[in-house]
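A.B. asks: Quick one, structure for this:
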Amino acid sequence: MDLNELESIITKIPDYPKPGILFYDISPVINNAEAFSFTINKIKEKIVSYKIDKIAAIDARGFIFGAAVAQKMNLGLTLIRKIGKLPGKVLKKKYDLEYGTNTLEANPLYLNGRVALIDDLLATGGTAKASIELIRESGAEVTCFCTFIELEFLSGKDNLDVPYESIIKY
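C.D. replies: Numbering: from 1, shown residues only. You can find the predicted model right below:
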């Protein structure tokens, strides 16, 4: 497996979830043991030098990669969830989308130390930026952001103020 082969199995679905959007479906990657293992190893390689204590992953597809990387690195995993999905006292961060607003939540009890943030895709950077701010509000340090897919033409990395890494770029 190499990056070209990995990229070739990502399915691109036009006009989903709405007209004008090109959806990058990671299902073929996570359904292929070799491709998924290759991806997890690549993410680990990208973030290991940041000397992290914990992984945080963004709802929902970020959980797939975040959990596997956390297990591979023998680190804990904290979930950054959409509103209303976490019990107890949570920190909240509202952020803007192209088509409205959304809110993310995290339990501050589980956010501490040096955190690497992981997601499946970086587009405009709004969700990643809100997640970074949420982690910082808990008192933890965000050492880096790593995404499986980066849509470079949307310049999402320009909205981030932490080192970032990506595996596949479009």
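A.B. asks: strands paired with the helix or strand where Arg81 lies, and their directions?
C.D. replies: For Arg81, the host element (DSSP states H and E) is strand 76-82. Here strand 76-82 has these sheet partners by DSSP bridges: strand 54-58 (parallel), strand 100-106 (antiparallel).
A.B. asks: so what's the residue nearest in space to the middle of the chain bridging to?
C.D. replies: For the chain, the residue sitting closest to the mean C-alpha position, by C-alpha atoms, centre = their mean, is Asp119 at 1.0 Å. On the basis of DSSP bridges, Asp119 is bridged to Thr147.
A.B. asks: Can you tell me how far it is from Thr147?
C.D. replies: 5 Å (C-beta to C-beta, to the nearest Å). For every residue, glycine as well, the C-beta is placed using N, CA and C.
A.B. asks: Helices of this structure, start to end?
C.D. replies: 3-8, 27-30, 33-47, 61-73, 126-137 (DSSP state H).
A.B. asks: tell me what the shortest one is packed against?
C.D. replies: Spelled out, that is helix 27-30. Helix 27-30 makes packing contacts with helix 33-47 when contacts are defined by 3 or more C-beta pairs under 8 Å, 6 or more residues apart in numbering; DSSP states H and E.
A.B. asks: Stretch 159-168: which residues count as buried?
C.D. replies: Residues of stretch 159-168 classed as buried by neighbour count (16 or more other C-beta atoms under 10 Å): Asn159, Leu160, Val162, Pro163, Tyr164, Glu165, Ser166, Ile167, Ile168.
A.B. asks: What is the end-to-end distance of that stretch?
C.D. replies: 19 Å (C-alpha to C-alpha, to the nearest Å).
A.B. asks: now stretch 87-101
C.D. replies: Using C-alpha to C-alpha, the distance between the terminal residues of stretch 87-101 is 22 Å.
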